[in-house]
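S.K.: Just the structure for this:
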Amino acid sequence: MKDRYHHGDLRHDLIEHAIQIISENGFEQLTLRGAAKQCGVSHNAVYRHFESKEQLIDTCRMYVTELLTAYLEDAVKDQEPASPGTLRELSRAYVRFYLEHPTYFSSLYRNSPVKLQLTMEDTEENYPPFELFRKSCRSWAEARGRSDAECLDLLARTWSLAHGLTSLLISPNVEGTLDWEQCLDTAFLQETGV
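M.R.: Predicted coordinates for the structure are as follows:
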């Protein structure tokens, strides 16, 4: 392949193409040469942005995490933290984000080191999108005088619903029609009365 000048943001394009490759074929199939080829540049151009495949994979994970976190924060920016509607909106935004970007889901969670701290304690080590859900559950529970155990139970069920529903909706092996927003609304009505 001959060297070509890439018009635009090569780093961003490399990340997006790497995410696509990981999502479709797994981490083991990602190579820096393959990402370069997808972007139409020489393999040497990749090394201006990434020293290794591992660095590219880590950057892809950070990229998706940052986009998802910003998307979730934007979805609830006008919500009262203790409102049950905040959890519902976080869940809706979580599903919507991955419906808009299905390759992000599998590239992030496939053989991923993403760690969730299932605790109600503040921790800097928690996965940022999960931490938004945890804080919202904490606010909801505190406003209602609920125990940590009840709060943790709500957190686990809320995350499981949003994450599991997303997994079903983006899977190419799942067919059928489902009004996912109605599904979430019903679950939250049963859970919180709102």
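S.K.: Give the burial count for residue 97, as a bare number.
M.R.: Residues near residue 97, counting by other Cβ atoms under 10 Å, number 22. All C-beta spots, glycine's among them, are computed from the backbone N, C-alpha and C.
S.K.: Show me which residues of whichever strand or helix holds it are buried.
M.R.: If you go by DSSP states H and E, residue 97 is part of helix 84-100. The neighbour-count check on helix 84-100 (16 or more other Cβ atoms under 10 Å) flags 84-98 as buried.
S.K.: can you tell me which residue is nearest the centre of this structure?
M.R.: residue 68 (5.0 Å; Cα atoms, centre = their mean).
S.K.: Skipping its backbone neighbours, what lies nearest that residue in space?
M.R.: Of all residues not flanking residue 68 in the chain, residue 129 sits nearest, at 5.0 Å (Cβ to Cβ, 6 or more residues apart in numbering).
S.K.: Could you do residue 86 as well?
M.R.: Of all residues not flanking residue 86 in the chain, residue 79 sits nearest, at 4.2 Å (Cβ to Cβ, 6+ apart).
S.K.: can you pull the contacts of the one you found?
M.R.: Neighbour list for residue 79: 85, 86, 89 [criterion: Cβ atoms under 8 Å, 6 or more residues apart in numbering].
S.K.: And for residue 159?
M.R.: 116, 130, 133.
S.K.: before we move on, back to that, model confidence over whichever strand or helix holds the residue nearest to the centre of the chain, on average?
M.R.: In this structure, residue 68 is located in helix 53-75 according to DSSP H and E. The average pLDDT within helix 53-75 is 94.
S.K.: Now do it: distance to the chain's middle.
M.R.: Chain-centre distance of helix 53-75: 7 Å, with Cα atoms, centre = their mean, to the nearest Å.
S.K.: per the record, what domains does this structure have?
M.R.: Domain segmentation of the chain under automatic domain parsing yields 10-51, 60-192.
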